[in-house]
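**Student:** would you be able to build a 3D model of this:
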Amino acid sequence: MTGLAEDGGLLLPRAIPRIDRTTFESWQPLSYSEVAFEVMARFVDDIPTTDLKALINKSYATFSDAQVVPHVHLDDLHILELFHGPTLAFKDIALQFLGNLFEYLLARDDGFLNILGATSGDTGSAAIYGVKGRERMRIFILHPHQRISEVQEKQMTTVADANVFNIAVTGTFDDAQAAVKKIFSDIEFKKSFRLGAINSINWARILAQVVYYVYSCLHVAGHEKHSAVAFSVPTGNFGDIFAGYIAKKMLPEGSIRKLVLATNSNDILTRFVNEGDYSLAEVVSTSSPSMDIQAASNFERYLYYLMDKEPDLVREAMLKFSVDGKLYMQNYLAHIKRDFVASAISEDEVQDTIARYYEQHHYTLDPHTAVGVKAAEQHRDQGVPMICLATAHPAKFGATVERAIGRPPELPPSLAELEGKPSRCEVMDCSIEVLMAYLESHAQKNP
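**Tutor:** Modelled structure (predicted):
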């Protein structure tokens, strides 16, 4: 519930449990919620089994597809649709669970929580839908003013519940995320207002995302009669692909053959994988705004494993990065390339990919998913099924999709009903002082 550790670092489990092949194969007939329990129970030791199962079942009962995360098989490419939750984005998978988990723990301990987070687009609405209307929680979500899609903004700002506070800040997502981390690093303020994190800096979110890699491995391996699969993951904040990295460490050797890291023009992570160069550049606005990020919040979690679990080395590296905006890691390049391959995808390639898949398969990709699909095409191995994570419903990015396919994507009812709804949002400077003053006047506080 704390999100960041008190020294400003990110929390990780002490050990990653390993699943042997016999156990893994016995999960083949399980539903998504049943797989989620098997994965999460190996990390959770403070919630009774029956309660954990109930929390998981409640979280995924809100999804519009009975499978929760269905697969679409397009020749030798497998699309894992992660957008069947309330806000039509993959973030729902973790945040529906997290909202229920927080509520359970707060009721158990008679507590309250002020949730503070920043969003580059989809996290905000998914977090709000996971928390809105809950008595013991207030939620404060920062987004970069006029730098997310209109649909993404409306999904957040039209929520009328009194415990929801939307803040549009001047600057980029990186600015907003840095401000959130800075506020969390003020230990007295954090304790006084019982601040909790809902961004992917929260370990429980990563854990919930590990599940769909495990489930997809089981499903596609069974469908294709293969024991190994590859994943292509559109990512900006390194959270989604880090969940895949944890899944790879958990599962029997060779179950996940390859993790393809796909970025848009904001290519800091691609440069890191291909050249060992993790250095900041200017954030470029693209048609996949949730990935318009330079400083990836979950990057330091991977550094911990890359640096042989030496926290002091990680701290030193992150301190250097905070000062210089650069880390050159060529010494680790061979190791990095064993863990990932990477591609940066241009705007023209995104448009072309959406158009091709619509023409050839009558299937509509959103721009983030198109980034992953194009990267998958560049890194396929003969005989290894490639699974692409579809991270958002195409209707959330209607203008981009319409440019590519010549018509707007079909609008799901949950988006159609946003039209004309009143919005609530405060626009303010991305200043620590301004933001903390706003929190002080609107957050619940220890008596």
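
**Student:** quick check: Arg42 vs His362, distance?
**Tutor:** From Arg42 across to His362, the span is 40 Å (Cβ to Cβ, to the nearest Å). Just so you know, the C-beta spots here come from the backbone N, C-alpha and C atoms, and that holds for glycine as well.

**Student:** low-confidence regions, the stretch 101-250 of the chain specifically.
**Tutor:** For the stretch 101-250 of the chain, the stretches with pLDDT under 70 are 223-226.

**Student:** quick one, strands of this structure?
**Tutor:** 71-74, 77-81, 113-118, 137-144, 164-169, 195-197, 229-234, 256-263, 277-279, 326-328, 341-344, 386-390, 426-428 (DSSP state E).

**Student:** list the buried ones in the longest helix seen in the chain?
**Tutor:** Ranked by residue count, the top helix of the chain under DSSP state H comes out as helix 203-224. Using 16 or more other Cβ atoms under 10 Å as the test for burial, helix 203-224 gives 203-221, 224.

**Student:** orientation of it relative to strand 256-263 in degrees?
**Tutor:** Angle of helix 203-224 versus strand 256-263, following axes from the mean of the first three to the mean of the last three Cα atoms, to 10 degrees, is 120 degrees.

**Student:** now the angle between strand 229-234 and helix 203-224, please.
**Tutor:** 130 degrees.

**Student:** mind giving me the packing neighbours of helix 203-224?
**Tutor:** Using 3 or more Cβ pairs under 8 Å, 6 or more residues apart in numbering; DSSP states H and E, the elements in contact with helix 203-224 are helix 32-40, strand 71-74, strand 77-81, helix 91-109, strand 229-234, helix 239-250.

**Student:** chain center to it, what's the gap?
**Tutor:** 14 Å (Cα atoms, centre = their mean, to the nearest Å).

**Student:** would you confirm that Phe102 contacts Arg194?
**Tutor:** No - using Cβ atoms under 8 Å, Phe102 makes no contact with Arg194, being 11.2 Å away.

**Student:** which residues are in contact with each of these two?
**Tutor:** Leu113 (Cβ atoms under 8 Å, 6 or more residues apart in numbering).

**Student:** pretty sure Pro408 sits against Gly398.
**Tutor:** Yes - in this structure, Pro408 is within contact of Gly398 by Cβ under 8 Å, at 4.9 Å.

**Student:** who has more neighbours out of these two?
**Tutor:** Gly398 (19 against 12; other Cβ atoms under 10 Å).

**Student:** from Pro367, how far off is the more buried one?
**Tutor:** 11 Å.

**Student:** with Met436 instead?
**Tutor:** 35 Å.

**Student:** between the two, who's got more neighbours?
**Tutor:** Pro367 (31 against 17).

**Student:** now do the same contact list for that one.
**Tutor:** Thr286, Ser287, Ser288, Val350, Ile354, Phe397, Thr400, Val401.

**Student:** tell me the domain ranges of this protein?
**Tutor:** 71-88+204-405, 90-201+420-442 (automatic domain parsing).

**Student:** just how off-centre is the last one within its chain?
**Tutor:** The gap between the average C-alpha position of domain 90-201+420-442 and the chain average comes to 15 Å, counting by Cα atoms, centre = their mean.

**Student:** span of that domain from start to end?
**Tutor:** 29 Å (Cα to Cα, to the nearest Å).

**Student:** swap in the longest one?
**Tutor:** Using Cα to Cα, the span of domain 71-88+204-405 from its first residue to its last is 22 Å.

**Student:** tell me, how many residues neighbour Lys396?
**Tutor:** The burial count for Lys396: 29, using other Cβ under 10 Å.

**Student:** isn't it right up against Leu418?
**Tutor:** No - judged on Cβ under 8 Å, Lys396 makes no contact with Leu418 at a distance of 10.8 Å.

**Student:** quickly list what's touching both of these two.
**Tutor:** Val151.

**Student:** quick one on the thing from earlier: more neighbours: which of Arg42 and His362?
**Tutor:** Arg42 (16 against 8).

**Student:** contacting residues for the more buried one?
**Tutor:** Counting by Cβ under 8 Å, 6+ apart, Arg42 has contacts Pro17, Ile19, Met250.

**Student:** surely Leu415 touches Pro394?
**Tutor:** No - at 10.8 Å, Leu415 does not count as touching Pro394 under the criterion of Cβ under 8 Å.

**Student:** who has more neighbours, the two?
**Tutor:** Remark: of Leu415 and Pro394, Pro394 carries more neighbours, 27 against 19, as counted by other Cβ under 10 Å.

**Student:** any idea of the pLDDT on that one?
**Tutor:** Here, the pLDDT recorded for Pro394 equals 96.

**Student:** pretty sure it contacts Ala404?
**Tutor:** No - the criterion here is Cβ under 8 Å, and Pro394 misses it with Ala404 at 9.6 Å.

**Student:** measure stretch 194-205 end to end?
**Tutor:** For stretch 194-205, by Cα to Cα, the gap between its terminal residues amounts to 19 Å.

**Student:** sorry, slip of the keys, the one I care about is stretch 126-140.
**Tutor:** Stretch 126-140: ends 13 Å apart by Cα to Cα.

**Student:** quick one: buried residues of that stretch?
**Tutor:** 126-132, 134, 136-140.

**Student:** same check on stretch 59-76?
**Tutor:** Buried-residue list, stretch 59-76, by 16+ other Cβ under 10 Å: Ser59, Tyr60, Phe63, Val68, Val69, Pro70, His71.

**Student:** now those residues in TSV, with pLDDT?
**Tutor:** Listed next are those as TSV, based on pLDDT from 0 to 100:
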residue	pLDDT
Ser59	97
Tyr60	98
Phe63	97
Val68	98
Val69	98
Pro70	98
His71	97
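
**Student:** and which of those is nearest Gln177?
**Tutor:** Ser59 (25.2 Å; Cβ to Cβ).

**Student:** need the contact list for that closest one.
**Tutor:** Gln96, Phe97, Gly99, Asn100.

**Student:** list only those of those flagged as buried.
**Tutor:** Gln96, Phe97, Gly99, Asn100.

**Student:** thinking the second one is in contact with Leu52, fair?
**Tutor:** Yep, that's Phe97 we're talking about. No - using Cβ under 8 Å, Phe97 is not in contact with Leu52, being 10.3 Å away.

**Student:** out of the helices and strands packed on helix 203-224, deepest packed?
**Tutor:** Compared across the helices and strands packed on helix 203-224, strand 229-234 shows the largest average neighbour count, a mean of 28 (mean count of other Cβ atoms under 10 Å).

**Student:** no further questions, thank you.
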